[in-house]
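>>> Turn this into a structure:
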Amino acid sequence: MTVIGVDDTDSRERGMCTTYLATRVAERLRAAGGEVERLLLVRLNPAVEHKTRGNAALAVHTDVDAETAFALAREELAAAAETDDPRTNPGLVVADHAPEAAPDAVANFARDAVRDLLSREAAERRIEAAGYRHAGWKNGRGKIGALAAVGAWAAFAEWTYEHISYREPERRGTLREVDRESLFAAADDAYPLAWDTVDRGSGEAVCVPHAPGPILHGIRGDDPDAVRGVAERVESEPVERTALFVTNQGTDAHLRDASLAAVADGGAYRVDGTVATAPETRRGGHVFFRLADGDDELRCAAFEPTKRFRDRVRALRPGDRVTVCGEVSSGTLKLEKFAVRDLDATERATPDCPDCGRSMKSAGANQGYRCRDCRTTADGKVERTVERDLDVGWYEVPPEARRHVAKPLVRGGFDAPTHPER
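Numbers count the residues shown, from 1 in each chain. As a prediction, the model looks like this:
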């Protein structure tokens, strides 16, 4: 077996897509008489600065010998990669072994690439030590993701699927023609096996990208037949080709458990703490609060693009025990989801008169309260139960705001009740 890893061939402005390049490589391998066992789509650390939106690296698992595979892949990459973009720096790595046989050092590199910021030099050292064929264009930064894609099958156990339909070349760069009624109907029928296809709250067709590039739509889910079935039911412009990818999307592979003291910029975490300040909505509609654990504090934010999720965050109050998940940047955790562990359901309130029921008034500094009509008194404020607009359990951003790698609550496996967005 041979594993081909590619990365950083696309452009935010010029389009192209590394998934599309992988399908072209796969077709060349089949034309050469080989078989392609699978296409692997690996979402890497979403905090990486030099990324297009999804930060995806691709692997092709094939029985074509490594030398031939390297030559074919290099030819396709040189022809298709958007190297005129100054931020596009493609990389190619080819391994002469089965996907599951990647050395521990390469598998560990793949895990780190989903959670940390790595250097091209570190990637090249691992590549040379493993004896892999490799090539880079311009500064070759894409070798980082390419090597991670080679090691991903050995590194991770949880996988989902995405069925991608591609546009005819002459239509790329124009408005995509996708029938919303057929898309929403297909999404409803396949849910929850296919998820994040649409956002029913906002009416957004999540699976249809807005950026330039060859993708018409990508259907994600837990079942390959389900995602393929949704794609086949969507009425749209003509489709040039399709491909099914095995992927770590929707798995939370980027999150690591940590204490507040251990979080750092450039990583994504799952952290426990107590809400220390009341959520505050600031200019632009962003919502902030501080999370505390002992002497350590961390600022958390639900930014405007998370839309209705911000109402869940606004419903928090100091004293609530929560688990928060998200990427940390500039000392702020960008909320992807959170779990309410324990709600503070009481407050200190001015007592009511036991005789007339009216709210008492202050009797003066350190003198308690009294009812001016009934002459009744109270020593101080009383504890009162308050209604909360939250329940114990997990809450998440809506599909239109979800990171590719973030796990939707509907997939299950969480440690508390869930309140999925769909």
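>>> Run through the strands of the stretch 201-350 of the chain in chain order.
Shown for the stretch 201-350 of the chain, the strands assigned by DSSP state E, counting those that start in this stretch span residues 215-221, 239-247, 255-257, 268-275, 280-281, 287-293, 296-302, 321-329, 332-342, 346-349.
>>> same question, the stretch 51-200 of the chain
Counting by DSSP E, counting those that start in this stretch, the strands of the stretch 51-200 of the chain are 56-62, 91-95, 133-136, 160-167, 194-195.
>>> Put together TSV for those, with distance to residue 350 on each row.
For every residue, glycine as well, the C-beta is placed using N, CA and C. Shown next, in TSV, are the strands of the stretch 51-200 of the chain (distance: least, Cβ to Cβ, whole Å):
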stretch	distance to residue 350
strand 56-62	57
strand 91-95	66
strand 133-136	70
strand 160-167	53
strand 194-195	48
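>>> what's the most buried one of these?
Most buried of these by mean neighbour count (mean count of other Cβ atoms under 10 Å) is strand 91-95; its value is a mean of 30.
>>> Each with direction, which strands does it pair with?
With DSSP bridges as the test, strand 91-95 is paired with strand 2-7 (antiparallel), strand 133-136 (antiparallel).
>>> how many degrees apart are the first one and strand 56-62 in direction?
By that I understand strand 2-7. Counting by axes from the mean of the first three to the mean of the last three Cα atoms, to 10 degrees, strand 2-7 lies at 160 degrees to strand 56-62.
>>> so where's the stretch 1-150 of the chain uncertain?
By pLDDT under 70, the weakly predicted segments of the stretch 1-150 of the chain are 11-15, 49-54, 83.
>>> at 50 instead, please
Residues of the stretch 1-150 of the chain meeting the criterion pLDDT under 50: 51.
>>> so what pLDDT did residue 380 get?
According to the prediction, residue 380 has pLDDT 86.
>>> Would you enumerate the residues in contact with it?
By Cβ atoms under 8 Å, 6 or more residues apart in numbering, residue 380 lies in contact with 368-369.
>>> secondary structure class for it?
With DSSP: H, G, I helix; E, B strand; the rest coil as the basis, residue 380 sits in coil.
>>> I'd like the distance between it and residue 370.
12 Å (Cβ to Cβ, to the nearest Å).
>>> same check, this time on residue 106
For residue 106, the distance to residue 370 equals 75 Å [Cβ to Cβ].
>>> quick one, which of the two is more surrounded?
Neighbour totals were compared for residue 106 and residue 370, and residue 106 leads with 27 against 18 (other Cβ atoms under 10 Å).
>>> what sits against that one?
With contact set as Cβ under 8 Å, 6+ apart, residue 106 has these partners: 95, 126, 130, 147, 150-151, 154.
>>> Which of these sits closest to residue 217?
Within those, the smallest distance to residue 217 is 28.1 Å, found for residue 150 (Cβ to Cβ).
>>> wouldn't the closest one be in contact with residue 3 here?
Yes - using Cβ atoms under 8 Å, residue 150 is in contact with residue 3, at 4.9 Å.
>>> For residue 275, list the residues it contacts.
Applying Cβ under 8 Å, 6+ apart to residue 275 gives the contacts 289-292, 316-322.
>>> since we're on residue 200, how many residues are nearby?
15.
>>> before we move on, what about residue 394?
Residues near residue 394, counting by other Cβ under 10 Å, number 18.
>>> repeat for residue 328
By other Cβ under 10 Å, the residues close to residue 328 number 21.
>>> for it, which residues make a bridge with it?
Beta bridges link residue 328 to residue 333 when assigned by DSSP bridges.
>>> how far away is residue 315 from residue 4?
For residue 315, the distance to residue 4 equals 48 Å [Cβ to Cβ].
>>> my bad, should have said residue 275
Per Cβ to Cβ, residue 275 is found 47 Å from residue 4.
>>> By neighbours, which of the contacts of residue 275 wins?
Tallying neighbours with other Cβ under 10 Å puts residue 316 at the head of the contacts of residue 275, with 26 neighbours.
>>> got the contact list for residue 244?
Residues counted as contacts of residue 244 (Cβ under 8 Å, 6+ apart) are 39, 161-164, 224, 227-228.
>>> returning to that earlier point: ok, the contacts of residue 275 vs residue 251, which is closest?
Nearest to residue 251 out of the contacts of residue 275 is residue 322 (Cβ to Cβ; 22.0 Å).
>>> Find the nearest non-adjacent residue to that closest one, please.
Once flanking residues are discounted, residue 322 sits nearest to residue 338: 5.3 Å by Cβ to Cβ, 6 or more residues apart in numbering.
>>> I figured that neighbour hits residue 392, correct?
No - with contact defined as Cβ under 8 Å, residue 338 does not reach residue 392; the gap is 11.7 Å.
>>> Have a look at these two and say which one is more surrounded.
Per other Cβ under 10 Å, whichever of residue 338 and residue 392 has more neighbours is residue 338, with 29 against 13.
>>> and the more buried one, bridged to which residues?
Residue 338 forms beta bridges with residue 324, residue 395, as assigned by DSSP bridges.
>>> Next, the buried residues of stretch 296-310.
Neighbour-count burial for stretch 296-310, counted by 16 or more other Cβ atoms under 10 Å, picks out 298, 300-303, 306-307, 309-310.
>>> How far does it sit from its chain's centre?
Relative to its parent chain, stretch 296-310 has a centroid offset of 15 Å by Cα atoms, centre = their mean, to the nearest Å.
>>> what sits up against it?
Residues from elsewhere that reach stretch 296-310, judged by Cβ under 8 Å, 6+ apart: 201-202, 259-261, 263, 271, 273, 276, 281, 284-291, 312-313, 324, 326, 328, 331-335, 395-398, 400-401, 421.
>>> mind exporting it as CSV, just the C-alpha atoms?
Coordinates of each C-alpha in stretch 296-310 appear next as CSV, following Å, rounded to 0.1, in the frame of the first residue of the first chain:
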residue,chain,number,x,y,z
ASP,A,296,-7.0,31.5,37.5
GLU,A,297,-9.4,33.3,35.1
LEU,A,298,-10.1,33.1,31.3
ARG,A,299,-12.1,35.4,29.1
CYS,A,300,-14.7,33.6,27.0
ALA,A,301,-16.6,35.0,24.0
ALA,A,302,-19.6,34.2,21.9
PHE,A,303,-19.0,36.2,18.8
GLU,A,304,-21.7,37.7,16.6
PRO,A,305,-21.6,35.0,13.9
THR,A,306,-22.7,32.4,16.5
LYS,A,307,-26.1,34.2,16.3
ARG,A,308,-28.8,32.6,18.6
PHE,A,309,-26.1,30.8,20.6
ARG,A,310,-25.4,34.1,22.2
